[in-house]
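1. predicted model follows, preceded by the sequence.
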Amino acid sequence: MAVRSTVIQIERGVVRALVGRMSGADVRVTRVARERLHEPSQDLASALRAMNLPRGPVVLAAPRADTVFKPFEAPAELVATGEWLSMARLQLERHLQTAASGSLLDAMLVETPEGPRALAGAIASDLVERARDACRAVGLKLEGAELQAAGIAALAGEAPAVLIAPGETTTEIVIAAGGVPIFARSIDASSGIGDPELSELDRVSARTAVEVKRTLIGARAAGIGAASDRLIVLGEGRLSESIASACELELGLRPEPASINVQWPEEVPVDDRRLFLPLAGVVVQRATSVDAIDFVAPHRPPDTGAKRRQLVLLALLAVVALVGGAIVAGSMRLSSLQDELSRAESNAGETFEQLGQFLARDARLSHAEQWVAAGQDWVPSIQTISDAVGGIDGAALGELRGDARVSVGFTPGQRVPYPGTWTREAQATFRISGRGPDSAGARALRQAFLEDGAFHVLTQGPDSGSDFSFDLIRTSREQDGGSP
(Lines give C-alpha, C1' and ligand atoms only; values in the text may rest on other atoms or scores of the structure.)
Protein backbone atom coordinates (compact mmCIF):
# COMPACT_ATOMS: atom_id res chain seq x y z
CA MET A 1 0.00 0.00 0.00
CA ALA A 2 1.39 3.39 -1.02
CA VAL A 3 2.17 5.73 1.84
CA ARG A 4 0.52 9.14 1.74
CA SER A 5 2.81 12.17 2.05
CA THR A 6 1.99 15.75 2.99
CA VAL A 7 4.41 18.43 1.78
CA ILE A 8 4.29 22.13 2.66
CA GLN A 9 6.17 25.10 1.25
CA ILE A 10 6.56 28.65 2.61
CA GLU A 11 7.65 31.19 0.01
CA ARG A 12 7.40 34.99 0.18
CA GLY A 13 4.33 35.05 2.41
CA VAL A 14 2.51 32.21 0.61
CA VAL A 15 1.94 28.78 2.17
CA ARG A 16 1.31 25.86 -0.18
CA ALA A 17 0.47 22.28 0.75
CA LEU A 18 0.14 19.11 -1.32
CA VAL A 19 -1.13 15.70 -0.31
CA GLY A 20 -0.29 12.77 -2.58
CA ARG A 21 1.05 9.27 -2.90
CA MET A 22 2.91 7.12 -5.41
CA SER A 23 0.58 5.02 -7.55
CA GLY A 24 2.72 2.61 -9.53
CA ALA A 25 5.22 4.77 -11.42
CA ASP A 26 3.03 7.89 -11.16
CA VAL A 27 2.18 10.37 -8.43
CA ARG A 28 -1.47 10.74 -7.58
CA VAL A 29 -2.21 14.12 -6.00
CA THR A 30 -5.33 14.00 -3.85
CA ARG A 31 -5.37 17.57 -2.63
CA VAL A 32 -3.63 20.94 -2.89
CA ALA A 33 -4.16 24.05 -0.75
CA ARG A 34 -2.86 27.60 -0.69
CA GLU A 35 -3.01 30.34 1.95
CA ARG A 36 -1.46 33.82 1.97
CA LEU A 37 0.10 35.33 5.08
CA HIS A 38 -1.03 38.93 4.71
CA GLU A 39 1.43 40.12 7.34
CA PRO A 40 4.89 38.74 8.24
CA SER A 41 3.74 38.34 11.83
CA GLN A 42 0.62 36.36 10.91
CA ASP A 43 0.42 33.01 12.67
CA LEU A 44 1.54 30.19 10.38
CA ALA A 45 -0.49 27.75 12.45
CA SER A 46 -3.67 29.62 11.48
CA ALA A 47 -2.84 29.13 7.80
CA LEU A 48 -2.22 25.40 8.31
CA ARG A 49 -5.42 25.09 10.31
CA ALA A 50 -7.39 26.74 7.49
CA MET A 51 -5.96 24.17 5.04
CA ASN A 52 -7.39 21.32 7.17
CA LEU A 53 -4.56 18.96 6.29
CA PRO A 54 -4.79 15.26 7.22
CA ARG A 55 -3.17 14.28 10.50
CA GLY A 56 0.26 12.70 10.18
CA PRO A 57 3.84 13.52 9.27
CA VAL A 58 4.65 16.62 7.20
CA VAL A 59 7.72 17.46 5.11
CA LEU A 60 8.85 21.07 4.59
CA ALA A 61 10.16 21.82 1.06
CA ALA A 62 12.56 24.78 1.38
CA PRO A 63 12.98 26.97 -1.73
CA ARG A 64 16.54 27.42 -2.99
CA ALA A 65 16.35 31.17 -2.23
CA ASP A 66 15.98 30.38 1.49
CA THR A 67 18.88 27.92 1.65
CA VAL A 68 22.58 27.55 0.97
CA PHE A 69 23.54 24.60 -1.24
CA LYS A 70 27.13 23.81 -2.19
CA PRO A 71 28.80 20.80 -3.84
CA PHE A 72 32.35 19.89 -2.75
CA GLU A 73 34.88 17.39 -4.01
CA ALA A 74 35.25 14.47 -1.62
CA PRO A 75 38.86 13.18 -1.46
CA ALA A 76 39.10 9.41 -1.70
CA GLU A 77 40.92 9.15 1.63
CA LEU A 78 38.07 10.96 3.42
CA VAL A 79 35.46 8.77 1.73
CA ALA A 80 37.35 5.64 2.79
CA THR A 81 37.55 6.75 6.42
CA GLY A 82 34.04 8.24 6.55
CA GLU A 83 35.36 11.70 7.42
CA TRP A 84 33.83 13.34 4.31
CA LEU A 85 30.79 14.44 6.33
CA SER A 86 32.85 16.49 8.77
CA MET A 87 34.79 17.96 5.84
CA ALA A 88 31.62 19.00 4.01
CA ARG A 89 30.15 20.65 7.11
CA LEU A 90 33.40 22.50 7.78
CA GLN A 91 33.55 23.71 4.17
CA LEU A 92 29.96 24.92 4.39
CA GLU A 93 30.63 26.79 7.65
CA ARG A 94 33.57 28.53 5.98
CA HIS A 95 31.34 29.48 3.06
CA LEU A 96 28.62 30.87 5.32
CA GLN A 97 31.16 33.15 7.08
CA THR A 98 28.71 33.33 9.99
CA ALA A 99 28.27 31.43 13.24
CA ALA A 100 26.82 28.02 12.51
CA SER A 101 24.68 28.25 15.66
CA GLY A 102 22.02 30.15 13.71
CA SER A 103 21.79 27.57 10.92
CA LEU A 104 20.92 23.92 10.49
CA LEU A 105 23.47 22.01 8.40
CA ASP A 106 23.42 18.66 6.62
CA ALA A 107 25.49 16.92 3.96
CA MET A 108 25.29 13.79 1.85
CA LEU A 109 27.63 11.84 -0.46
CA VAL A 110 26.76 11.09 -4.09
CA GLU A 111 28.57 9.34 -6.93
CA THR A 112 28.99 11.41 -10.10
CA PRO A 113 30.85 10.70 -13.36
CA GLU A 114 33.66 12.87 -11.94
CA GLY A 115 33.86 10.76 -8.75
CA PRO A 116 32.45 11.10 -5.21
CA ARG A 117 31.04 14.51 -4.38
CA ALA A 118 29.77 15.85 -1.08
CA LEU A 119 26.62 17.98 -1.18
CA ALA A 120 26.12 20.32 1.77
CA GLY A 121 23.17 22.54 2.63
CA ALA A 122 22.18 25.05 5.29
CA ILE A 123 18.98 26.79 6.34
CA ALA A 124 18.17 29.33 9.05
CA SER A 125 17.12 27.38 12.13
CA ASP A 126 14.28 29.79 12.95
CA LEU A 127 12.51 28.91 9.65
CA VAL A 128 12.43 25.24 10.56
CA GLU A 129 11.45 25.94 14.17
CA ARG A 130 8.60 28.15 13.01
CA ALA A 131 7.27 25.36 10.81
CA ARG A 132 7.76 22.78 13.58
CA ASP A 133 5.84 24.88 16.13
CA ALA A 134 3.02 25.60 13.67
CA CYS A 135 2.64 21.91 12.80
CA ARG A 136 2.62 20.93 16.45
CA ALA A 137 -0.10 23.50 17.17
CA VAL A 138 -2.50 21.91 14.64
CA GLY A 139 -1.73 18.27 15.45
CA LEU A 140 0.84 17.62 12.73
CA LYS A 141 4.43 16.41 13.05
CA LEU A 142 7.28 17.95 11.04
CA GLU A 143 9.09 14.80 9.90
CA GLY A 144 11.58 16.39 7.50
CA ALA A 145 12.84 19.66 6.01
CA GLU A 146 14.41 19.20 2.61
CA LEU A 147 15.57 21.28 -0.32
CA GLN A 148 12.80 21.90 -2.83
CA ALA A 149 15.50 21.12 -5.40
CA ALA A 150 15.41 17.48 -4.21
CA GLY A 151 11.78 17.23 -5.33
CA ILE A 152 12.59 18.89 -8.66
CA ALA A 153 15.48 16.46 -9.28
CA ALA A 154 13.32 13.44 -8.41
CA LEU A 155 11.03 14.23 -11.36
CA ALA A 156 13.95 13.62 -13.77
CA GLY A 157 14.35 9.94 -12.89
CA GLU A 158 17.77 8.29 -12.89
CA ALA A 159 19.29 9.87 -16.02
CA PRO A 160 21.20 13.18 -15.70
CA ALA A 161 19.18 16.24 -16.67
CA VAL A 162 18.86 20.01 -16.35
CA LEU A 163 15.47 20.97 -14.89
CA ILE A 164 13.74 24.35 -14.82
CA ALA A 165 10.94 24.92 -12.31
CA PRO A 166 9.18 28.26 -13.02
CA GLY A 167 7.69 29.55 -9.78
CA GLU A 168 5.56 32.47 -8.70
CA THR A 169 8.43 34.62 -7.37
CA THR A 170 11.56 32.59 -8.15
CA THR A 171 12.56 30.08 -10.80
CA GLU A 172 14.84 27.22 -9.77
CA ILE A 173 17.44 25.72 -12.12
CA VAL A 174 18.62 22.26 -11.02
CA ILE A 175 21.26 19.91 -12.43
CA ALA A 176 20.33 16.39 -11.38
CA ALA A 177 21.99 12.98 -11.59
CA GLY A 178 20.45 9.78 -10.26
CA GLY A 179 17.41 11.73 -9.07
CA VAL A 180 19.60 13.88 -6.79
CA PRO A 181 20.36 17.61 -7.22
CA ILE A 182 24.11 18.14 -7.60
CA PHE A 183 23.88 21.84 -8.52
CA ALA A 184 21.02 24.27 -7.96
CA ARG A 185 20.34 28.00 -8.04
CA SER A 186 17.34 30.31 -8.16
CA ILE A 187 16.59 33.47 -10.15
CA ASP A 188 13.93 36.15 -10.01
CA ALA A 189 10.90 34.82 -11.88
CA SER A 190 9.73 38.27 -13.04
CA SER A 191 12.92 39.81 -14.48
CA GLY A 192 13.29 39.90 -18.26
CA ILE A 193 15.84 40.91 -20.88
CA GLY A 194 15.80 41.72 -24.57
CA ASP A 195 13.91 44.15 -26.78
CA PRO A 196 11.62 46.35 -24.61
CA GLU A 197 8.96 46.05 -27.31
CA LEU A 198 8.71 42.30 -26.76
CA SER A 199 6.03 40.93 -24.47
CA GLU A 200 6.87 40.48 -20.81
CA LEU A 201 6.46 36.71 -21.27
CA ASP A 202 9.09 36.65 -24.04
CA ARG A 203 11.50 38.83 -22.03
CA VAL A 204 11.21 36.62 -18.93
CA SER A 205 11.67 33.48 -21.05
CA ALA A 206 14.77 34.94 -22.75
CA ARG A 207 16.38 35.78 -19.40
CA THR A 208 15.59 32.32 -18.03
CA ALA A 209 17.30 30.69 -21.02
CA VAL A 210 20.39 32.89 -20.54
CA GLU A 211 20.53 32.01 -16.83
CA VAL A 212 20.29 28.29 -17.65
CA LYS A 213 23.28 28.70 -19.96
CA ARG A 214 25.19 30.55 -17.22
CA THR A 215 24.34 27.78 -14.77
CA LEU A 216 25.81 25.14 -17.07
CA ILE A 217 28.97 27.19 -17.59
CA GLY A 218 29.35 27.73 -13.84
CA ALA A 219 28.77 24.04 -13.14
CA ARG A 220 31.44 23.02 -15.62
CA ALA A 221 33.85 25.54 -14.05
CA ALA A 222 33.17 23.86 -10.69
CA GLY A 223 34.00 20.44 -12.15
CA ILE A 224 30.39 19.28 -12.56
CA GLY A 225 29.79 17.81 -15.99
CA ALA A 226 26.77 15.55 -15.44
CA ALA A 227 24.19 17.82 -17.06
CA SER A 228 24.03 15.69 -20.28
CA ASP A 229 21.72 16.69 -23.12
CA ARG A 230 18.40 16.34 -21.25
CA LEU A 231 16.45 19.53 -20.64
CA ILE A 232 13.17 19.43 -18.71
CA VAL A 233 10.89 22.44 -18.15
CA LEU A 234 8.34 21.61 -15.46
CA GLY A 235 4.69 22.43 -15.93
CA GLU A 236 2.34 23.26 -18.74
CA GLY A 237 0.81 26.48 -19.97
CA ARG A 238 2.12 29.55 -21.75
CA LEU A 239 5.01 30.32 -19.38
CA SER A 240 6.50 26.81 -19.43
CA GLU A 241 6.07 26.54 -23.19
CA SER A 242 7.67 29.95 -23.78
CA ILE A 243 10.66 29.09 -21.55
CA ALA A 244 11.07 25.74 -23.34
CA SER A 245 11.15 27.50 -26.72
CA ALA A 246 13.68 30.11 -25.50
CA CYS A 247 15.95 27.40 -24.05
CA GLU A 248 15.81 25.39 -27.27
CA LEU A 249 16.83 28.52 -29.21
CA GLU A 250 19.60 29.51 -26.75
CA LEU A 251 21.02 26.06 -25.93
CA GLY A 252 20.11 23.98 -28.96
CA LEU A 253 18.44 21.38 -26.75
CA ARG A 254 14.91 20.12 -27.36
CA PRO A 255 13.05 20.00 -24.01
CA GLU A 256 11.44 16.73 -23.02
CA PRO A 257 8.76 15.88 -20.43
CA ALA A 258 9.55 14.81 -16.88
CA SER A 259 10.14 11.10 -16.27
CA ILE A 260 7.46 10.97 -13.56
CA ASN A 261 3.83 11.54 -14.47
CA VAL A 262 1.70 13.49 -11.98
CA GLN A 263 -2.08 12.95 -11.85
CA TRP A 264 -3.99 16.03 -10.62
CA PRO A 265 -7.53 16.60 -9.41
CA GLU A 266 -9.56 18.11 -12.26
CA GLU A 267 -10.28 21.32 -10.34
CA VAL A 268 -6.58 22.30 -10.06
CA PRO A 269 -5.77 24.94 -12.76
CA VAL A 270 -2.78 24.45 -15.08
CA ASP A 271 -0.81 27.37 -13.59
CA ASP A 272 -1.30 26.04 -10.06
CA ARG A 273 -0.08 22.60 -11.15
CA ARG A 274 3.19 24.18 -12.29
CA LEU A 275 3.66 25.82 -8.87
CA PHE A 276 2.89 22.60 -6.98
CA LEU A 277 5.04 20.27 -9.14
CA PRO A 278 8.19 20.56 -6.94
CA LEU A 279 6.07 19.45 -3.95
CA ALA A 280 4.86 16.45 -5.94
CA GLY A 281 8.53 15.68 -6.63
CA VAL A 282 9.18 15.53 -2.87
CA VAL A 283 6.45 12.85 -2.68
CA VAL A 284 8.44 10.89 -5.30
CA GLN A 285 11.71 11.37 -3.41
CA ARG A 286 10.20 10.15 -0.12
CA ALA A 287 8.43 7.19 -1.75
CA THR A 288 11.52 5.98 -3.63
CA SER A 289 13.80 6.46 -0.59
CA VAL A 290 16.33 8.47 -2.59
CA ASP A 291 18.83 10.02 -0.20
CA ALA A 292 18.40 13.74 0.42
CA ILE A 293 19.65 16.54 2.61
CA ASP A 294 17.30 16.74 5.60
CA PHE A 295 17.64 19.54 8.15
CA VAL A 296 15.30 17.81 10.64
CA ALA A 297 17.04 14.41 10.48
CA PRO A 298 20.60 15.25 9.31
CA HIS A 299 23.18 12.63 8.38
CA ARG A 300 25.26 11.52 11.35
CA PRO A 301 29.08 11.35 11.36
CA PRO A 302 30.55 7.84 11.29
CA ASP A 303 31.24 6.02 14.54
CA THR A 304 35.03 6.23 14.51
CA GLY A 305 35.24 4.21 17.71
CA ALA A 306 33.44 1.16 16.30
CA LYS A 307 36.55 -0.30 14.69
CA ARG A 308 38.56 0.26 17.86
CA ARG A 309 35.91 -1.54 19.92
CA GLN A 310 36.00 -4.45 17.50
CA LEU A 311 39.76 -4.70 17.82
CA VAL A 312 39.47 -4.69 21.61
CA LEU A 313 36.89 -7.48 21.49
CA LEU A 314 39.09 -9.49 19.15
CA ALA A 315 42.03 -8.97 21.49
CA LEU A 316 39.95 -10.16 24.45
CA LEU A 317 38.86 -13.23 22.52
CA ALA A 318 42.48 -13.95 21.65
CA VAL A 319 43.46 -13.68 25.31
CA VAL A 320 40.60 -16.01 26.30
CA ALA A 321 41.70 -18.53 23.67
CA LEU A 322 45.31 -18.27 24.84
CA VAL A 323 44.37 -18.79 28.47
CA GLY A 324 42.08 -21.68 27.57
CA GLY A 325 44.87 -23.38 25.62
CA ALA A 326 47.22 -22.88 28.51
CA ILE A 327 44.76 -24.51 30.89
CA VAL A 328 44.49 -27.50 28.59
CA ALA A 329 48.28 -27.67 28.33
CA GLY A 330 48.62 -27.52 32.09
CA SER A 331 48.46 -25.16 35.04
CA MET A 332 52.28 -24.98 35.22
CA ARG A 333 52.55 -23.55 31.71
CA LEU A 334 49.82 -20.99 32.52
CA SER A 335 51.90 -19.38 35.26
CA SER A 336 54.89 -19.03 32.91
CA LEU A 337 52.77 -17.49 30.18
CA GLN A 338 51.28 -14.97 32.59
CA ASP A 339 54.77 -13.86 33.65
CA GLU A 340 55.84 -13.45 30.02
CA LEU A 341 52.66 -11.49 29.28
CA SER A 342 53.28 -9.10 32.16
CA ARG A 343 56.84 -8.41 31.00
CA ALA A 344 55.66 -7.91 27.41
CA GLU A 345 52.96 -5.45 28.51
CA SER A 346 55.48 -3.51 30.61
CA ASN A 347 57.95 -3.28 27.71
CA ALA A 348 55.17 -2.38 25.29
CA GLY A 349 53.98 0.43 27.56
CA GLU A 350 57.44 1.98 27.77
CA THR A 351 57.98 1.66 24.03
CA PHE A 352 54.55 3.13 23.25
CA GLU A 353 55.21 6.11 25.52
CA GLN A 354 58.56 6.78 23.80
CA LEU A 355 56.91 6.43 20.40
CA GLY A 356 54.22 8.93 21.39
CA GLN A 357 56.81 11.50 22.45
CA PHE A 358 58.68 11.08 19.18
CA LEU A 359 55.54 11.37 17.07
CA ALA A 360 54.44 14.49 18.95
CA ARG A 361 57.77 16.21 18.23
CA ASP A 362 57.65 15.09 14.61
CA ALA A 363 54.07 16.39 14.22
CA ARG A 364 55.00 19.83 15.61
CA LEU A 365 57.97 20.05 13.25
CA SER A 366 55.95 18.88 10.24
CA HIS A 367 53.19 21.38 11.06
CA ALA A 368 55.70 24.22 11.14
CA GLU A 369 57.24 23.06 7.86
CA GLN A 370 53.82 23.01 6.18
CA TRP A 371 53.14 26.65 7.13
CA VAL A 372 56.61 27.66 5.95
CA ALA A 373 55.96 25.95 2.60
CA ALA A 374 52.51 27.56 2.23
CA GLY A 375 52.44 30.56 -0.04
CA GLN A 376 50.84 32.15 -3.04
CA ASP A 377 52.43 32.90 -6.44
CA TRP A 378 50.67 36.10 -7.52
CA VAL A 379 52.47 36.77 -10.82
CA PRO A 380 50.79 34.10 -13.05
CA SER A 381 47.31 35.09 -11.87
CA ILE A 382 47.93 38.82 -12.42
CA GLN A 383 49.36 38.03 -15.85
CA THR A 384 46.24 36.01 -16.74
CA ILE A 385 43.97 38.90 -15.65
CA SER A 386 46.10 41.40 -17.59
CA ASP A 387 45.99 39.28 -20.75
CA ALA A 388 42.19 38.84 -20.50
CA VAL A 389 41.53 42.60 -20.05
CA GLY A 390 44.04 43.42 -22.79
CA GLY A 391 42.25 41.03 -25.13
CA ILE A 392 39.09 43.22 -25.07
CA ASP A 393 39.51 46.33 -27.23
CA GLY A 394 38.69 49.46 -25.25
CA ALA A 395 38.61 47.69 -21.87
CA ALA A 396 40.41 49.39 -19.00
CA LEU A 397 41.24 47.92 -15.60
CA GLY A 398 40.42 50.43 -12.87
CA GLU A 399 41.22 48.47 -9.74
CA LEU A 400 42.76 45.12 -8.81
CA ARG A 401 42.83 43.86 -5.27
CA GLY A 402 43.91 40.46 -4.10
CA ASP A 403 43.97 38.46 -0.93
CA ALA A 404 44.80 34.91 -0.08
CA ARG A 405 43.69 32.42 2.53
CA VAL A 406 45.91 29.50 3.37
CA SER A 407 45.02 26.59 5.60
CA VAL A 408 46.95 23.53 6.65
CA GLY A 409 45.09 20.32 7.41
CA PHE A 410 46.02 16.89 8.60
CA THR A 411 44.27 13.60 7.83
CA PRO A 412 45.20 10.78 10.21
CA GLY A 413 46.20 7.42 8.84
CA GLN A 414 43.60 4.68 8.57
CA ARG A 415 45.21 2.35 11.09
CA VAL A 416 46.99 4.65 13.51
CA PRO A 417 46.33 8.27 14.54
CA TYR A 418 49.75 9.36 13.25
CA PRO A 419 51.45 9.51 10.78
CA GLY A 420 48.98 10.64 8.14
CA THR A 421 48.66 13.10 5.28
CA TRP A 422 49.35 16.83 5.42
CA THR A 423 47.29 18.99 3.10
CA ARG A 424 47.73 22.65 2.19
CA GLU A 425 44.83 24.57 0.73
CA ALA A 426 45.19 28.06 -0.72
CA GLN A 427 42.48 30.29 -2.07
CA ALA A 428 43.40 33.51 -3.83
CA THR A 429 40.65 36.05 -4.52
CA PHE A 430 41.17 38.87 -7.00
CA ARG A 431 38.58 41.64 -7.07
CA ILE A 432 38.83 43.58 -10.32
CA SER A 433 36.75 46.45 -11.62
CA GLY A 434 36.91 48.76 -14.55
CA ARG A 435 35.16 49.84 -17.68
CA GLY A 436 34.68 48.10 -21.01
CA PRO A 437 33.94 49.65 -24.36
CA ASP A 438 30.27 48.76 -23.89
CA SER A 439 28.04 46.21 -22.14
CA ALA A 440 28.98 43.57 -24.73
CA GLY A 441 32.65 44.12 -23.94
CA ALA A 442 32.05 43.64 -20.23
CA ARG A 443 30.15 40.41 -20.90
CA ALA A 444 32.89 39.25 -23.26
CA LEU A 445 35.47 39.81 -20.52
CA ARG A 446 33.41 37.71 -18.08
CA GLN A 447 33.03 35.00 -20.74
CA ALA A 448 36.80 35.05 -21.34
CA PHE A 449 37.45 34.34 -17.66
CA LEU A 450 34.85 31.53 -17.65
CA GLU A 451 36.28 29.87 -20.76
CA ASP A 452 39.87 30.18 -19.49
CA GLY A 453 38.89 28.01 -16.52
CA ALA A 454 41.64 29.38 -14.28
CA PHE A 455 39.21 31.12 -11.96
CA HIS A 456 35.77 30.66 -10.45
CA VAL A 457 34.01 33.87 -11.50
CA LEU A 458 31.52 35.76 -9.31
CA THR A 459 29.84 38.87 -10.73
CA GLN A 460 29.62 41.65 -8.13
CA GLY A 461 27.77 44.23 -10.22
CA PRO A 462 24.82 44.30 -12.62
CA ASP A 463 24.88 42.24 -15.81
CA SER A 464 24.24 45.31 -18.00
CA GLY A 465 26.34 48.43 -18.68
CA SER A 466 29.95 48.85 -19.67
CA ASP A 467 31.31 48.82 -16.10
CA PHE A 468 32.47 45.49 -14.77
CA SER A 469 33.25 44.17 -11.30
CA PHE A 470 34.27 40.55 -10.79
CA ASP A 471 35.60 38.36 -8.00
CA LEU A 472 38.05 35.86 -9.46
CA ILE A 473 38.74 32.91 -7.18
CA ARG A 474 41.56 30.42 -7.69
CA THR A 475 41.81 27.44 -5.35
CA SER A 476 44.77 25.11 -5.08
CA ARG A 477 45.33 22.07 -2.94
CA GLU A 478 48.62 20.32 -2.26
CA GLN A 479 49.10 17.09 -0.40
CA ASP A 480 52.42 16.14 1.19
CA GLY A 481 54.15 18.70 -1.00
CA GLY A 482 52.68 17.50 -4.31
CA SER A 483 49.46 17.97 -6.22
CA PRO A 484 47.13 15.06 -5.36
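-> That came through fine. Numbering: from 1, shown residues only.
2. ok, now which ones touch E11?
-> Shown in contact with E11 (CB atoms under 8 Å, 6 or more residues apart in numbering): P63, A65, D66, G167, E168, T169, T170. Yep, even glycine has a C-beta here, placed from its N, CA and C like the rest.
3. can you name the two of those residues that sit furthest apart?
-> The two members of those with the most space between them (CB to CB) are D66 and E168, at 14.2 Å.
4. ok, and the closest non-adjacent residue to G102?
-> S125 (6.1 Å; CB to CB, 6 or more residues apart in numbering).
5. where exactly do the helices run in the protein?
-> Assigned by DSSP state H, the helices in the chain fall at 44-51, 76-81, 84-96, 125-137, 148-154, 200-221, 238-251, 270-288, 305-329, 331-373, 378-390, 439-452.
6. adding mean pLDDT and mean neighbour count, write these out as a markdown table.
-> Below are the helices of the chain laid out as a markdown table (pLDDT from 0 to 100; neighbours: other CB atoms under 10 Å):
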| stretch | mean pLDDT | mean neighbour count |
| --- | --- | --- |
| helix 44-51 | 92 | 18 |
| helix 76-81 | 76 | 15 |
| helix 84-96 | 77 | 18 |
| helix 125-137 | 94 | 16 |
| helix 148-154 | 95 | 30 |
| helix 200-221 | 91 | 19 |
| helix 238-251 | 93 | 18 |
| helix 270-288 | 95 | 23 |
| helix 305-329 | 55 | 11 |
| helix 331-373 | 74 | 11 |
| helix 378-390 | 81 | 14 |
| helix 439-452 | 80 | 17 |
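7. quick one: which of these is nearest L397?
-> For L397, the closest of the helices of the chain is helix 378-390, at 4.8 Å, according to CB to CB.
8. which residues touch that closest one?
-> With contacts defined as CB under 8 Å, 6+ apart, helix 378-390 is touched by 395-397, 400, 402, 428, 430, 432, 434, 445, 448-449, 452, 454-455, 472, 474.
9. let's see it at 7 Å
-> Contact partners of helix 378-390, identified using CB atoms under 7 Å, 6 or more residues apart in numbering, comprise 395, 397, 400, 402, 428, 430, 432, 445, 448-449, 452, 454, 472, 474.
10. ok, of the residues you listed, which come out buried?
-> Neighbour counting by 16 or more other CB atoms under 10 Å classes A395, L397, G402, A428, F430, I432, L445, A448, F449, L472, R474 among the contacts of helix 378-390 as buried.
11. residue contacts, the fourth one?
-> Put plainly, it is A428. Contact partners of A428, counting by CB under 7 Å, 6+ apart, are Q376, S381, G402, A404, R474.
12. repeat for the fifth one
-> With CB under 7 Å, 6+ apart as the criterion, the residues that contact F430 are S381, I385, L400, G402, L472.
13. relative to Q338, how far out is the residue in the chain sticking out farthest from the centre?
-> For the chain, the residue at maximal distance from the C-alpha centroid (CA atoms, centre = their mean) is M332, at 64.8 Å. Distance of M332 to Q338, given as CB to CB, to the nearest Å: 11 Å.
14. surely P181 and Q148 touch.
-> No: counting by CB atoms under 7 Å, P181 sits too far from Q148 to count as a contact (9.4 Å).
15. show me what contacts the nearest residue to S5 once chain neighbours are set aside?
-> Closest residue to S5 apart from its sequence neighbours, by CB to CB, 6+ apart: V283 at 4.6 Å. Taking CB under 7 Å, 6+ apart, we find V283 in contact with S5, V7, G20, R21, M22, V27.
16. could you dump those into CSV and include neighbour count?
-> As requested, the contacts of V283 are exported to CSV (neighbours: other CB atoms under 10 Å):
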residue, neighbour count
S5, 25
V7, 26
G20, 27
R21, 17
M22, 18
V27, 27
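17. closest to Q370 among those?
-> Set against Q370, the nearest of the contacts of V283 by CB to CB is V7 (48.0 Å).
18. distance to R424 added to the helices of the chain, as CSV?
-> Formatted as CSV, the helices of the chain follow (distance: least, CB to CB, whole Å):
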stretch, distance to R424
helix 44-51, 47
helix 76-81, 15
helix 84-96, 15
helix 125-137, 33
helix 148-154, 33
helix 200-221, 22
helix 238-251, 39
helix 270-288, 39
helix 305-329, 28
helix 331-373, 6
helix 378-390, 17
helix 439-452, 24
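19. quick check: which of those is nearest to I175?
-> Per CB to CB, nearest to I175 of those: helix 200-221, 5.6 Å.
20. what lies in contact with the closest one?
-> Outside helix 200-221, the residues that touch it by CB under 7 Å, 6+ apart are 162, 164, 171, 173, 175, 183, 185, 187, 190-194, 227, 238-239, 242-243, 246-247, 250-251, 450, 453, 456.
21. F72: how many residues sit nearby?
-> Using other CB atoms under 10 Å, the number of residues around F72 comes to 18.
22. what about it, distance to T351?
-> Distance from F72 to T351, by CB to CB: 40 Å.
23. same check on G441?
-> From G441 over to T351 the distance is 70 Å, taken as CB to CB.
24. and D480, by the same measure?
-> D480 sits 27 Å away from T351, going by CB to CB.
25. swap in S433?
-> S433 is 62 Å from T351, where distance means CB to CB.
26. check contacts around L78.
-> Contacts for L78 (CB under 7 Å, 6+ apart) come out as W84, M87, T411.
27. mind redoing it with 6 Å?
-> Applying CB atoms under 6 Å, 6 or more residues apart in numbering, we find L78 in contact with W84, M87.
28. for A287, give me its contacts.
-> Per CB under 6 Å, 6+ apart, neighbours of A287: M22.
29. ok so, going back, in CSV: the buried ones among the contacts of helix 378-390, plus distance to W371.
-> Listed next are the buried ones among the contacts of helix 378-390 as CSV, based on distance: CB to CB, whole Å:
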residue, distance to W371
A395, 38
L397, 33
G402, 20
A428, 17
F430, 23
I432, 29
L445, 36
A448, 35
F449, 31
L472, 25
R474, 20
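30. select, from those, the two members most distant in space.
-> Longest span within those, CB to CB: A395 and A428, 21.9 Å.
31. quick revisit: closest to I152 among the contacts of helix 378-390?
-> Comparing the contacts of helix 378-390 against I152 with CB to CB places F449 closest, at 29.2 Å.
32. please tell me how far E350 sits from D362.
-> For E350, the distance to D362 (CB to CB) stands at 19 Å.
33. and G434, by the same measure?
-> 49 Å.
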